[in-house]
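K.L.:
please work out how this folds:
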Amino acid sequence: MSNSVNDIGSLAIGAQGLDKLRLQSKQSPDQALKGAAQQFEQVFLNMMLKSMREATPQEGMFDNEQTKMFTGMLDQQLAQSMSSGHGVGLAAVMVRQLQHSSMGADAAAPGVSGAGVKTSIPSAYNENFQQDFVKKLMPHAEQASQATGVPAHLMVGQAALESGWGRREIKMADGTNSHNLFGIKAGASWNGKVAEVMTTEYHNGVAHKQVEKFRAYDSYADGFKDYANTLSNNPRYSEVLKRGDSAQGFATALQQAGYATDPHYAEKLNKVIKSVNTLA
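P.N.:
Numbers count the residues shown, from 1 in each chain. As a prediction, the model looks like this:
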């Protein structure tokens, strides 16, 4: 088994393991997903071996509770060994399927663009991750709300959409965080740090991959502050500030103002904001 999975421990079985998974999901979401998939493969193999044992006739002097206990331990060890490295392939299939089925939403506009979103990781793990995201960013959003009049949950929703709930944040060349959750581009007027990443832009409704420059900040607080300034000081977003009374109105106004080139941006944003409402 790989070091990453050993570090997680029995995350699919015990509460301690789940706590470790949550911590790793914040630090390295992709690695946490791989670790969870490997743990699932290990549990599946253990169940398979157990079923095979039970299907075998059990008669004789060595068939007792003690031997069953040690046989169970052996099966658990075999399952761990079989799932190590590349395993039997089940974990890899799960990871590919989850990543393939994840929702993408990329924003693009003069001065503003999304860097890519992937949000589908299932069940309790996904919900816990999203709750942590909302809890972490809501104080910054509330400050930005005071400056713009836009409700905090709407801004957290847009941050979630643009960054894939924090899983696809824009990174600097050295791997550090740009704290740019809104995909704001670094135009000619930007004098701060810059992160260059591959992103998806839509031209006439057709998606194209290209490298773009994005603004980088020292903290999420700075990122939200700049986002608030962008909405407040750019005339193109004046209607957005007036439509903060509803998720649909806010999302539609952003798309109409040209915040994103994704033709389905408003629809996606509206759905994510509804998810934020259930978590806040």
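K.L.:
could I get the full set of helices for the stretch 151-280 of the chain?
P.N.:
152-163, 220-233, 238-242, 247-256, 265-279 (DSSP state H, counting those that start in this stretch).
K.L.:
nearest to N128, of the ones you listed?
P.N.:
helix 265-279 (9.9 Å; CB to CB). In short, each C-beta sits where N, CA and C put it, glycine included.
K.L.:
dump the closest one to CSV, restricted to CA.
P.N.:
Written as CSV, here are the backbone C-alpha positions of helix 265-279 (Å, rounded to 0.1, in the frame of the first residue of the first chain):
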residue,chain,number,x,y,z
TYR,A,265,-22.9,29.8,-16.2
ALA,A,266,-26.1,31.3,-14.6
GLU,A,267,-27.7,27.9,-14.4
LYS,A,268,-24.7,26.4,-12.7
LEU,A,269,-24.2,29.2,-10.3
ASN,A,270,-27.8,29.2,-9.2
LYS,A,271,-27.6,25.5,-8.4
VAL,A,272,-24.4,25.9,-6.4
ILE,A,273,-25.8,28.9,-4.4
LYS,A,274,-28.8,26.7,-3.5
SER,A,275,-26.3,24.1,-2.1
VAL,A,276,-24.6,26.8,-0.1
ASN,A,277,-27.9,27.8,1.4
THR,A,278,-28.4,24.2,2.7
LEU,A,279,-24.9,24.2,4.3
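K.L.:
pLDDT of stretch 142-162, averaged?
P.N.:
Mean pLDDT, stretch 142-162: 97.
K.L.:
winner for burial among the helices of the stretch 151-280 of the chain?
P.N.:
Greatest average neighbour count among the helices of the stretch 151-280 of the chain goes to helix 152-163 (a mean of 26), per mean count of other CB atoms under 10 Å.
K.L.:
and that helix, what other elements does it pack with?
P.N.:
Contact analysis of helix 152-163 by 3 or more CB pairs under 8 Å, 6 or more residues apart in numbering; DSSP states H and E lists helix 123-148, helix 247-256, helix 265-279 as its packing neighbours.
K.L.:
pLDDT score assigned to L241?
P.N.:
So L241 comes in at 95 (pLDDT).
K.L.:
pretty sure it is touching A147, no?
P.N.:
No - shown here, L241 and A147 do not form a contact pair, counting by CB atoms under 8 Å, at 10.4 Å.
K.L.:
shared neighbours, the two?
P.N.:
S232 (CB atoms under 8 Å, 6 or more residues apart in numbering).
K.L.:
about what we covered before: export the helices and strands packed on helix 152-163 to TSV and tack on distance to V156?
P.N.:
Formatted as TSV, the helices and strands packed on helix 152-163 follow (distance: least, CB to CB, whole Å):
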stretch	distance to V156
helix 123-148	5
helix 247-256	11
helix 265-279	5
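K.L.:
and M73, which of those helices is closest to it?
P.N.:
Going by CB to CB, the one of those nearest M73 is helix 123-148, 27.9 Å.
K.L.:
the closest one - contacts with which helices or strands?
P.N.:
helix 15-27, helix 152-163, helix 220-233, helix 265-279.
K.L.:
how is the protein partitioned into domains?
P.N.:
3-100, 108-279 (automatic domain parsing).
K.L.:
before we move on, the earlier item: where among the helices and strands packed on helix 152-163 is average confidence lowest?
P.N.:
Across these, the lowest-scoring stretch is helix 123-148, with a mean of 90.
K.L.:
contacting residues for A280?
P.N.:
So A280 contacts 134, 138, 153, 156 (CB under 8 Å, 6+ apart).
K.L.:
quick one: residues contacting the closest residue to Y227 other than its chain neighbours.
P.N.:
Spatial nearest neighbour of Y227, excluding adjacent residues (CB to CB, 6 or more residues apart in numbering): F182 at 4.8 Å. By CB under 8 Å, 6+ apart, the contact set of F182 is 112, 158-159, 162, 223, 227, 230.
K.L.:
can you rerun that using 7 Å?
P.N.:
158-159, 162, 227 (CB atoms under 7 Å, 6 or more residues apart in numbering).
K.L.:
repeat that for A186.
P.N.:
194, 213-215.
K.L.:
for G244, grab phi and psi.
P.N.:
Reported as degrees, to the nearest 10, the phi and psi values for G244 are phi -80, psi 10.
K.L.:
tally of neighbours for it?
P.N.:
By other CB atoms under 10 Å, 18 other residues sit near G244.
K.L.:
which non-adjacent residue is nearest it?
P.N.:
G244 sits nearest to V150 (CB to CB, 6+ apart), 4.2 Å away.
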